[in-house]
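# Next input, structure requested:
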Amino acid sequence: MEFCKSTPCEVAFLDIQMRNINGVELAKEIKLLNPQINIVFTTGYTDFMKDALEMHVSGYVMKPITPGTFSDLWEF
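Just a heads-up that it's a prediction; the model follows:
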């Protein structure tokens with residue numbers, strides 16, 4: 001969160017289970033700070049998918065992530 005406060009960000013990749021905060025809660029805080037930011041969850045948990053999609057996140061990528069995971073979604 002401190003990084004997002006001090007640095008303009010266009011995208012944030014978050015996990016669901018984080019050390020001090022739930023990723024969904026962090027995403028909500030980041031969205032309040034920057035409503036235009038793209039949030040992408042990279043996680044092994046399906047339990048929070050509904051909450052994340054209700055927030056209109058840009059992506060919910062299930063682990064394990066392979067080298068082709070993102071290149072299959074977007075062309076670089």
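# show me where the protein has strands.
Under the criterion DSSP state E, the chain contains strands at 11-14, 38-43, 59-62.
# Quick check: pLDDT value at the closest residue to Met49 other than its chain neighbours.
The shortest distance from Met49 to any non-neighbouring residue, by C-beta to C-beta, 6 or more residues apart in numbering, is to Tyr60 (5.6 Å). Yep, even glycine has a C-beta here, placed from its N, CA and C like the rest. Tyr60 carries a pLDDT value of 89.
# How many neighbouring residues does Tyr60 have?
Neighbours of Tyr60 under the rule other C-beta atoms under 10 Å: 18.
# What's opposite it in the beta bridge?
Note on Tyr60: beta-bridge partners by DSSP bridges are Phe41.
# sorry, back to before: can you say which of the strands of the chain is packed in most?
Comparing the strands of the chain by mean neighbour count (mean count of other C-beta atoms under 10 Å), strand 38-43 comes out on top with a mean of 20.
# chain center to it: distance?
Relative to the chain's own centre, strand 38-43 is displaced by 2 Å; criterion: C-alpha atoms, centre = their mean, to the nearest Å.
# helices and strands around it, which ones?
Where contact means 3 or more C-beta pairs under 8 Å, 6 or more residues apart in numbering; DSSP states H and E, strand 38-43 is packed against strand 11-14, helix 23-33, strand 59-62.
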